[in-house]
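**Q** let me see the structure of the following:
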Amino acid sequence: MLGHPVYSPWRGVQNVEAAKPFVNALRQGRFVLQVCDDCERTATPARLRCEYCRSVRLVWRRAKGSGRIIAVTCYALQYDHEYERKVPYDVVLVQLDNGAMLFGAIDARLDQRDVGRRVKLELERSSKGMPLRFRFDGNKDPQ
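**A** Numbers count the residues shown, from 1 in each chain. Down below sits the predicted model:
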């Protein structure tokens, strides 16, 4: 669910009951993640029970979308035809500062040397949905 760079009328996401608050928040231009009210850990993908403490007290909270790139790949084919992007385009796996991992597109040509760079989530509305896109944040050098 969080592994797709676009949240649009894509039927796979819409049919997942637990993900509806995430998708609805994106449509409103907000980024939220599910957090356990008992142990304070982030639950991704959305679930009915905390995977760490088994609590059912999961709540949706506004989240910061900043973190570090942990993997990079280039899409040479357009896998989701609802996603308005010309191929090839780069996609990154980002470990957010709160520990959650998220896939998203990035408007830059990358390679493995970019692993470790800081990025920030940028929500941008399009006619087809709400793509999750990252942009570089601060220092170019990995730390």
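**Q** can you give me the buried ones in the helix ranked longest in the chain?
**A** Counting residues, the longest helix in the chain under DSSP state H turns out to be helix 20-27. Applying a neighbour-count criterion of 16 or more other CB atoms under 10 Å, one finds 22, 23, 25, 26 buried in helix 20-27. Every residue, glycine included, has its C-beta placed from N, CA and C.
**Q** what does stretch 88-103 give?
**A** By 16+ other CB under 10 Å, the buried positions in stretch 88-103 come out as 89, 90, 91, 92, 93, 94, 96, 98, 100, 101, 102, 103.
**Q** farthest pair within the residues you listed?
**A** Pairwise distances across those peak at 26.0 Å for 89 and 98 (criterion: CB to CB).
**Q** run the chain-centre distance for stretch 64-79.
**A** In this view, stretch 64-79 has its centroid 9 Å away from the chain centroid, taken as CA atoms, centre = their mean, to the nearest Å.
**Q** so which bits of it are buried?
**A** In stretch 64-79, counting by 16+ other CB under 10 Å, buried: 65, 66, 67, 68, 69, 72, 75.
**Q** what's the farthest-apart pair in these?
**A** Greatest spatial distance in the buried residues of stretch 64-79: 66 and 75, 23.2 Å, computed using CB to CB.
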